[in-house]
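Student: could you work out the structure for the sequence below:
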Amino acid sequence: MTKRYLSGLEQFRPENSSFKTKKLDRLKSKKPSTFGFFFILLILVLAASIGAFFYFNSHKTQNDNEDVKFWLDYSHEQIIGQENTFSVFVKNEEKNDLENVEVVLNFPEKFIFASSAPECNQTLVHGCVWLFPKISKDELKRIDLKGKLLGLANEEGVFEGKLNFRLSGFSADFQKKFSNSVILKPTISIKWEIPETYNFSEVLTSSLLVENISNENISSLQVSIDTDPDFIVDTSRPEAQKSENKIKWTIDNLGPNETKLLEIDGYTKNSLLEALNFKMEAGILNNDQFLSQFSEDKKILVQKFDLSIALEAASKADSEQSISWGGTMPISLIYQNNSFKTIKDLVLQLKLTNASYIDFIGLKKSFWQYFSEDNVSPLIQSKIWSSNISSNSLNEYIISWDKKINPDFAEIVPGASGKISFNLPIKQLNAIINAGSQPKIEIQSLANGQLADASRLFEIEGPKINVKINTNINLNAEARYYDDENVAIGQGSLPPQVGQETRYWIFWQLKNTVNPVENISVKTKLPAGVSWLGQTRASHGSISYNESTREISWQIPQLDAYQGGSYSFVESSFEVSIMPDSSSSGQILLLTDPTTMEAKDQFTGNIIQDQKPSLDTNLQGDPIGEGKGKVI
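Tutor: Numbering: from 1, shown residues only. Here you go, the predicted structure:
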């Protein structure tokens, strides 16, 4: 039909038609092409692959692959310190194999890993990694690991698992996760019995009953009690290791259901205490590391026993005071029974620490006085010291007053009070071979006795006063014409002559002792007729002159302790001159007014002062010029 149609078309085609026979021939010979078919098929396959790639990659980190099972088999409750087995399972229910499989398990921080089957390929800080090239379709892979958990009772730990893999035939990465918590159950139980209230002067007993409630032996069990700083441990049962404010027992082995009783007895000397605080802790020692299982705090209320023993120095109760070498410090030891109980056989004491600075010879020559209640006149005035001053060590002394010295102390009824007063003399600095630096004396009041209705002797520690000792700064001022080598450093006539100029040098030296000082100032003024020549020297600080006031000032910011000695001179000097007139003939002329020194003691905070008399032309201390001061 096509041929017939084309033939007819050629018959009726006009001669001038724009159709060309060539195009008609191409149309007749055209056939369907296979290239287009394959091109379309390739486009469809590529689109499907790209779609699958983006689909799988968009889902690779999600946990929604139901055909791959990943879980941890374990007991939710774990006995502290008891080894258990934890099993990780991977079940492949996919139609494809799992390839490049990586199992990561992160342990709780206090999990002690022992072993695993199979062995882990990589050990993490708190975990393990297992690698499997392939897990086949329908295969179940199991990992068993052994270990134990440590920590406090009822503490929670978490195992976190990750499964990374690929499906065979796919390039995408997949991941499954789990997170499982465990609760720690203790291996021991502890019953702690301690009174809720405590009567001062009685013995306080603490009892700990430790029981192994696990099915295994417990080794290296440690139990400790942090005691109150004011609590003194007298005895422990069994014998415990004692350190400052801590009692510790180590139990090498405690069998299943076995118990152990731990006890301490003690007391406090602080009668003003309102409460005692204790902290108990128990746990296991693992490779010398203590891993706590139990921790408990207790607060014990103290029934107040109010025997006040106040301490005053120089009529002040301030805890920080000061005194100078060779000085005397008035001391008062004051007691008052504010309780409702009678005290028997009271002993008042004064503890002196760093007592080498005290002049005990002078102390024993002085009186102590005892005043009862509000009496103005002393009931007792005594020089008996030798029998009641005792030395506990080379540098610590105890002064005691008991009923043998003061009969009033046999019985102190409620409301009774009294006072012992005396003067505490301090040695001169030159009487001490080695005074050290920043010296101080610590003074503390003590008391002991017995309550009428109690069996135990009580001890009380009262307040402390630190008495700091001021530094000594020695100022020396000299006028010189000759130096120590007999070399003339002055100029002009000596003795001075009327109408002629004579020049002198003024020297100042400082020698510090036990404490550092700051803001040191040495000053003087020039009398009328003495001229400032402007020549100065200073090993420390600087010298200045004020023309209007005629004042010379040497300022030093700071000096260390003992600076200014034989090997660290602290010295300054300046030059002055005089030209006597006829009215000065036969007289010794002044070269400076009195010289003053002032500095702040950095240890005591006090202002230290010294003064030297005026200097004159008689040149006291000059090896040659001394005595040649009268004007001729």
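Student: return the residues in contact with Ala410.
Tutor: In this structure, Ala410 makes contact with 344-346, 403, judged by CB atoms under 8 Å, 6 or more residues apart in numbering. Just so you know, the C-beta spots here come from the backbone N, C-alpha and C atoms, and that holds for glycine as well.
Student: for the stretch 251-400 of the chain, just list every one of the strands.
Tutor: For the stretch 251-400 of the chain, strands defined by DSSP state E, counting those that start in this stretch occupy the ranges 259-268, 275-286, 289-303, 307-313, 320-323, 328-337, 343-353, 368-372, 380-382, 389-393, 396-401.
Student: closest to Ile465 out of those strands?
Tutor: Distances from Ile465 to each of the strands of the stretch 251-400 of the chain were compared using CB to CB; the minimum, 4.9 Å, belongs to strand 307-313.
Student: hmm, who's touching that closest one?
Tutor: Residues external to strand 307-313 that are found in contact with it (CB under 8 Å, 6+ apart): 271, 317, 321, 329-339, 343, 348, 350, 443-447, 449, 460, 462-465, 467.
Student: where along the protein do the helices fall?
Tutor: If you assign secondary structure with DSSP state H, the helices in the chain sit at 2-12, 21-29, 35-58, 360-364.
Student: pLDDT wise, what is the residue most central in space within the chain at?
Tutor: The geometric centre of the chain, computed from its C-alpha atoms, lies nearest to Glu244 (CA atoms, centre = their mean), at 16.3 Å. Predicted confidence (pLDDT) for Glu244: 90.
Student: before we move on, what about the one 5 residues further on?
Tutor: According to the model's per-residue confidence, Trp249 sits at a pLDDT of 96.
Student: sketch out the low-pLDDT regions of the stretch 351-500 of the chain for me.
Tutor: For the stretch 351-500 of the chain, the stretches with pLDDT under 70 are 386-388, 392-394, 454-455.
Student: Thr328 pairs with what?
Tutor: When bridges are assigned using DSSP bridges, the partners listed for Thr328 are Pro425.
Student: outside of stretch 68-79, which residues touch it?
Tutor: 84, 86-94, 98, 105, 148-149, 157, 159, 161, 163, 165, 174, 176-178, 180-187, 214.
Student: write the PyMOL selection for whichever of those residues are buried.
Tutor: A single PyMOL command selects the buried members of the contacts of stretch 68-79 (16 or more other CB atoms under 10 Å):
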select buried, resi 86+88+90+91+92+94+98+105+148+149+157+159+161+163+165+174+176+182+184+185+186+187+214
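Student: now, which of the contacts of stretch 68-79 lie within strands?
Tutor: 84, 86-92, 98, 105, 148-149, 157, 159, 161, 163, 165, 174, 176-178, 180-185 (DSSP state E).
Student: residues touching Val347, list them.
Tutor: With CB under 8 Å, 6+ apart, Val347 has these contacts: 400-402, 409, 447-449.
Student: do Ser332 as well
Tutor: For Ser332, the contacting residues are 310-312, 315, 419-421, by CB under 8 Å, 6+ apart.
Student: and the two most separated of those residues?
Tutor: Taking CB to CB as the measure, those reach their widest spread between Ser315 and Ile420, a distance of 14.4 Å.
Student: give me the more crowded residue out of the two.
Tutor: Using other CB atoms under 10 Å, the more surrounded residue of Ser315 and Ile420 is Ile420, with 21 against 9.
Student: tell me, what's the model's pLDDT at the closest residue to that one other than its chain neighbours?
Tutor: Spatial nearest neighbour of Ile420, excluding adjacent residues (CB to CB, 6 or more residues apart in numbering): Leu333 at 4.6 Å. At Leu333 the predicted local distance difference test score is 94.
Student: Leu333 touches Lys351, doesn't it?
Tutor: No: the pair formed by Leu333 and Lys351 falls short of the contact definition of CB atoms under 8 Å, at 11.0 Å.
Student: name the residues contacting each of those two.
Tutor: Contact criterion CB under 8 Å, 6+ apart; residues bridging Leu333 and Lys351 by contacting each: Ser445.
Student: those two: which is more packed in?
Tutor: A count of neighbours by other CB under 10 Å puts Leu333 above the other of Leu333 and Lys351, at 25 against 19.
Student: looking at the sheet around that one, what are its partners?
Tutor: Those that pair with Leu333 in a beta bridge, by DSSP bridges, are Leu311, Ile420.
Student: about what we covered before: which of the contacts of strand 307-313 count as buried?
Tutor: With burial judged by 16+ other CB under 10 Å, the buried subset of those is 271, 321, 329, 331-337, 339, 343, 348, 350, 443-447, 449, 460, 462, 465, 467.
Student: quick one on the thing from earlier: max pairwise distance over the contacts of Ala410: which two?
Tutor: Lys344 and Lys403 (9.1 Å).
Student: how's this structure carved up into domains?
Tutor: For the chain, whose domains are defined here by automatic domain parsing, the residue ranges read 68-185, 188-303, 308-469, 473-616.
Student: export those domains as CSV, with columns for distance to Ile43.
Tutor: What follows is these, written out as CSV (distance: least, CB to CB, whole Å):
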stretch, distance to Ile43
domain 68-185, 21
domain 188-303, 66
domain 308-469, 95
domain 473-616, 91
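Student: so which of those is nearest Ile632?
Tutor: domain 473-616 (5.4 Å).
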